[in-house]
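Next one to model:
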Amino acid sequence: MFSVVGVELLPDILREHKPIPVIVGFTMGIAALLALRWFGPSEGSLKNNPGKLPLPFLFAMGVDILIDGFLIGIGFAAGPREGKLLALALTVELLSLGIATVVTLTDAAIPRKRAIVVTSFGASLILVGAGLGGTVLRGLSHTGMELVLSFGLAALLFLVVEELLVEAHEVPETPLITSTFFVGFLLFLVLGIVL
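Numbering: from 1, shown residues only. Here you go, the predicted structure:
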């Protein structure tokens, strides 16, 4: 996730050197996530709220998947090779996100059928995002794109800081786990350069 932020989102956000749309989009993203946190489980721990959907986590995940879809759609609008390479690169991130979602829903004691529906809905957002990215966002102004990407940046950072890192620190840290983080970061960094 950190690599996606650093390699995909930040360069696009910083390209225009316009801080106002970035501040507005980022603030809207954080405000939306904090509002969901207010109504959803607190303290990043879902074990104390069994059976309740983790709304902040699911919202952040949904925004992340939509942004990934936007990027894939924009990639295919640029050309089939770019779209395929971008889809391949984002598949790795979505695999880890899918695993994190399953673990989070399991920890929250969500019934299996409900977890399948929620996960399926989340997965379908990639198609919605790709469709929008290939059509609507393709013609969006630079300012509008900065707003969308900044909102997505806030959602990704929230997802990492408030949910995934909390879950990650519940298991003992080993050199293998630490090196896996850096190998994953390097992989996305290299894919960002190659693509």
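
The most centrally placed residue in the chain sits in which helix or strand?
Centroid-nearest residue in the chain: residue 64, 2.6 Å away (criterion: C-alpha atoms, centre = their mean). Using DSSP states H and E, residue 64 maps to helix 55-78.

ditto for residue 52
Secondary structure (DSSP H and E) places residue 52 outside all helices and strands.

so how far is whatever helix or strand residue 35 lives in off the chain centroid?
Assigned by DSSP H and E, residue 35 falls within helix 19-39. Centroid separation for helix 19-39 versus its chain: 15 Å, with C-alpha atoms, centre = their mean, to the nearest Å.

Report the buried residues of it.
Judged by neighbour count (16 or more other C-beta atoms under 10 Å), helix 19-39 contains these buried residues: 21-22, 25-26, 29-30, 32-33, 36-37. (Each C-beta comes from the backbone N, C-alpha and C, glycine too.)

In PDB, could you pull the C-alpha coordinates for it?
Taking Å, rounded to 0.1, in the frame of the first residue of the first chain, the C-alpha atoms of helix 19-39 are listed here in PDB:
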ATOM      1  CA  PRO A  19      -2.100  22.600  -3.300                       C
ATOM      2  CA  ILE A  20      -5.700  23.700  -3.000                       C
ATOM      3  CA  PRO A  21      -7.300  20.700  -4.800                       C
ATOM      4  CA  VAL A  22      -5.000  18.300  -2.900                       C
ATOM      5  CA  ILE A  23      -5.900  19.800   0.400                       C
ATOM      6  CA  VAL A  24      -9.700  19.800  -0.400                       C
ATOM      7  CA  GLY A  25      -9.600  16.100  -1.700                       C
ATOM      8  CA  PHE A  26      -7.400  14.900   1.100                       C
ATOM      9  CA  THR A  27      -9.600  16.700   3.700                       C
ATOM     10  CA  MET A  28     -12.800  15.300   2.200                       C
ATOM     11  CA  GLY A  29     -11.300  11.800   2.300                       C
ATOM     12  CA  ILE A  30     -10.200  12.000   6.000                       C
ATOM     13  CA  ALA A  31     -13.600  13.600   6.900                       C
ATOM     14  CA  ALA A  32     -15.500  10.800   5.300                       C
ATOM     15  CA  LEU A  33     -13.400   8.100   6.900                       C
ATOM     16  CA  LEU A  34     -13.600   9.700  10.300                       C
ATOM     17  CA  ALA A  35     -17.400  10.000  10.000                       C
ATOM     18  CA  LEU A  36     -17.500   6.300   9.200                       C
ATOM     19  CA  ARG A  37     -15.200   5.600  12.100                       C
ATOM     20  CA  TRP A  38     -17.700   7.500  14.400                       C
ATOM     21  CA  PHE A  39     -20.500   5.200  13.300                       C
END
